[in-house]
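*Asks:* Based on what follows, work out the 3D shape:
(chains A and B)
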Amino acid sequence: MRTKLFYGGGILFAAALLLLGGILLGVILLQQKEGVVEETPSQIQETVLAPEVEAVLDRKISLVAELLADPVILDGVRAANQEHANTSLEEILELDEKWRNTEGADEFIEAFLGNDVARKLMEFQEQYPGFSEIFVVDARGLNVGQTNKTTDYYQADEDWWVGAYDEGRGKAFYGFIEFDESAQAEAISLYVPVRDPNDQNAIGVAKAVVSIVAIKMEL
Amino acid sequence: MRRPFSFFGIQLKLFAVLVLFAAVLFLTASYGLYGAYAVTLASQKITETEIPLTKVVNEALVAMLEGKLALEEALAVDYFSQKEEIREHEFHLSDSILVFDAHLAAITWGSESEAFRKSGGGLNVSEWQRLHPADDSLVIQRPAAEQVQLAGVADIYFGGFSRNASEAIAAHKKFLRLKSEGREAEMEEAREVRREHVAKALRFSRLVTATLAETVQISNTAIAESAKAIERTQQDVIRNMLFIFLIGSLAFLLVSFAFVRRTIVNPVQALTSVARALGSGNLSARAKIKSKDEIGVLANVFNQMADRLAEYPSQLEREVREKTNKLNELNKSLQIWLQENDEIGKILVRRDLELTQSNERLRDLDEAKSQFVSVAAHQLRTPLAGIKWTLYALLEAKVGRLNEEQEKFAGDAYKATIRLIDLVNDLLDVARLEEGRFGFKIKKQSLVPLVKKAYENFQKAAKGKGIKFSLELPKEDIPFLDFDEDKIAIVLENLVDNAIKYTPPGGKVALVIRKEKNRVSVEVADTGIGMPASQIGRVFTKFFRAENAQLYQTSGTGLGLYLAQNIVEHHGGAMFFKTEENKGSTFTFSLPISKSDIKKV
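*Replies:* Residues are numbered from 1 along each chain as shown, chains lettered A, B, ... in the order given. So this is what the prediction gives:
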């Protein structure tokens, strides 16, 4: 019995050794496998569009810029900037966290869908079909008003906000063609700065999602 | 007995070495499997992404061309009366739009049917399925982001094409209607609108073609890269497998070599050299093996043995030295003693010489006595025979009748003469025996008739004395023995005669033959007077007669037992007895069965 026990111990030892080797090998292979997958080039080049299409997009951007020059919007953005001037990043992130974890809309979120800015945006939507979603963000990257509930409250951590705000200089541009989940259609996002009519500096940013169908209609 | 599996045992070390070998094989095999997996992954990219994508793009291109063809054919209609034909081309155009959209969406959203659900507001699923029943399974997995982007761009361009194509056809229809109505000025206007839209449509169709070509180009590049990756992976895997196997095998070889060398060869060599050193007398040699395995144990035991071996000679030397010292001392004292006793020694030597001389003299005397007895007895026999026969003749009244008194004297004389003759015969026999002239005539024969004869001869004497005399023979066969019949007869006669002689009336005498393992014995047992214990030692000496026997009213020379024992011993047999005073004696003699006969029996 004793001999058998010791034999068992030996085999156990060997099995552990093999298992260890196997795990080591597995880890090595997994790393190599990831390397293989990464070999596929994934660099996204700047989408170059035909001038006809760019003209349409420029027109759409102009439309949005016109909308953003509306006093209602400007007032809303200014008020928000004033309100958020001294809000700490920690507070902002806390609010953002709460926003993202809320299903549907609570009172806080509801306010952004029902304020003057939101109503102005919806009016615009009705006037110019094809804009499936528009929302305005202040100089801190916080929502001011929106037509649909955005996924988060804080936008300054996103590339498009940084690009469009451009450190107060303001720069309008369009993004990639994406599938817009809310419209269930392909769409292009337009990023337009909210400019102070006095000095033309950016005081906020708007993102407007325009359906491809609407673009096609104007070609 | 198997030893328990010790952690440091050679078995475990060997097992570990084998595990290493298995690990090498396992590693190689695993790497081979990994290679197969990597190749599969790379080819999956081709089969699951690029090839379906290329196919989808081709379909889209065909749709694009068909749309363009529909436009051209619609524009080729010259008369407003043929507007039904134009309508047909318009249908073709919208079909191609449907097909194009669906295929492009397949790139963006995975599959064509899924594309229908997600893009274009779920346009006309049943229509699509009617047109392309077999293509629903086309799935593009993980297209490159760039390709998705390009598909979206192509979609926009195609939108431009389809819208302008529709506008162009509408303008063409208006133009034909105006033409048929003869409204020249308005006709020109419509023609201008048509021209504009056609130009736009063609430009967008070129843009679509270019964009799709770019998408295919990306696919081709990806396929080429994947193929290269497969090739590279194959080479890598083969090279690395070989590398792993070679390095692993080398490591295995080194480890095995080290294992055999360190665990077996070196310790055994060390042990051998130590054994050799011990053998040549260097008793301080010890094995220096630290391992705890079987050889380590052997080395330990070996060292213990060497320790004992080293102790032994020094102990021996010490003892020898001590004894030598003691001997020297003894020798000295002996020399002193010898010097002191030199005189005594001389006397002793002289006395020894004298003793030897007297001994020789005595032996000469004994010989002379024997010779004298022999000669005397021989010389006595003839006159004794003369006396015997003379007395016999007197008693038989051959020379005249004797009176009562004369007859009594003559009878006494006769009896005395017979006894004298017996005595002389016995003496002669003893003399002949001692001089070696007894003349044994040995031959192979049965002892039984001789015993029976002795029994019969003494039957009468026993009866006359009122003694119950019995003979007991064994049930089994008695083998033939080598003996002299006459001499053994003397032995039997002596023993039986003694038994009857010294047994009082009413007693018993039994004659028994027994077969033992390698001899045959004859026992004569009586219930007679026996012998006192003090005299047992002298029974077989010459002229011995027990004290109680002398008191008994019988005659005897005291030569019978001496003679009997000598005869039996001459045959290689033995004679012994047991006796108790007033209870009886049992004399037994045995003769050997020859070895060949033992085997036969």
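*Asks:* ok and the residue in the stretch 201-350 of chain B nearest chain A?
*Replies:* Nearest residue of the stretch 201-350 of chain B to chain A: residue B:207, at 5.3 Å (C-beta to the nearest C-beta). Every residue, glycine included, has its C-beta placed from N, CA and C.
*Asks:* Can you give me the neighbour number for residue B:383?
*Replies:* 9 (other C-beta atoms under 10 Å in any protein chain shown).
*Asks:* The residue lying closest to residue B:499 once chain neighbours are set aside: neighbouring residues, count only.
*Replies:* Excluding the flanking residues, the one nearest residue B:499 by C-beta to C-beta, 6 or more residues apart in numbering or on different chains is residue B:526, at 4.0 Å. Using other C-beta under 10 Å, residue B:526 has 27 other residues around it.
*Asks:* what are the phi and psi angles of residue B:526?
*Replies:* Taking degrees, to the nearest 10, you get phi -130, psi 170 for the backbone angles of residue B:526.
*Asks:* before we move on, the earlier item: confirm the residue of the stretch 201-350 of chain B closest to chain A sits in a helix?
*Replies:* Yes - according to DSSP: H, G, I helix; E, B strand; the rest coil, residue B:207 belongs to a helix.
*Asks:* Just say helix, strand or coil for the nearest residue to it once chain neighbours are set aside.
*Replies:* Nearest residue to residue B:207, sequence neighbours excluded (C-beta to C-beta, 6+ apart): residue B:157, at 4.2 Å. At residue B:157 the chain is in helix, as set by three-state DSSP.
*Asks:* I'd like to know how many residues surround residue B:157.
*Replies:* The burial count for residue B:157: 27, using other C-beta under 10 Å.
*Asks:* Show the pLDDT at it.
*Replies:* pLDDT, residue B:157: 92.
*Asks:* Equivalent analysis for residue B:115, please.
*Replies:* Confidence at residue B:115, expressed as pLDDT, is 51.
*Asks:* same check, this time on residue A:76
*Replies:* 93.
*Asks:* Give me the distance between it and chain B.
*Replies:* Residue A:76 is 32 Å from chain B, where distance means C-beta to the nearest C-beta, to the nearest Å.
*Asks:* which residues touch that residue?
*Replies:* A:115, A:116, A:117, A:136, A:144, A:145 (C-beta atoms under 8 Å, 6 or more residues apart in numbering or on different chains).
*Asks:* before we move on, what about residue B:174?
*Replies:* Neighbouring residues of residue B:174 by C-beta under 8 Å, 6+ apart: B:190, B:193.
*Asks:* Which helix or strand contains it?
*Replies:* Using DSSP states H and E, residue B:174 maps to helix B:145-181.
*Asks:* Strands of chain A, residue ranges please.
*Replies:* Secondary structure of chain A (DSSP state E): strands located at A:131-138, A:143-146, A:173-180, A:185-195, A:202-211.
*Asks:* I'd like to know which of those strands is closest to chain B.
*Replies:* strand A:173-180 (3.0 Å).
*Asks:* and the closest one, which strands flank it?
*Replies:* When sheet partners are counted by DSSP bridges, strand A:173-180 sits next to strand A:185-195 (antiparallel).
*Asks:* which regions of the chain sit below the pLDDT cut-off?
*Replies:* As the question left the chain open, I've gone with chain A. A:1-19, A:21-23, A:25-26, A:29-47, A:181-184 (pLDDT under 70).
*Asks:* wait, chain B
*Replies:* For chain B, the ranges with pLDDT under 70 are B:1-8, B:108-142, B:551-555, B:596-601.
*Asks:* Do a quick rundown of the strands in it.
*Replies:* Under DSSP E, chain B gives strands at B:443-445, B:468-472, B:481-483, B:508-515, B:519-526, B:574-580, B:584-592.
*Asks:* Serialize the ones you listed to TSV and add fields for distance to residue A:108.
*Replies:* Listed next are these as TSV, based on distance: least, C-beta to C-beta, whole Å:
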stretch	distance to residue A:108
strand B:443-445	143
strand B:468-472	140
strand B:481-483	140
strand B:508-515	133
strand B:519-526	134
strand B:574-580	137
strand B:584-592	136
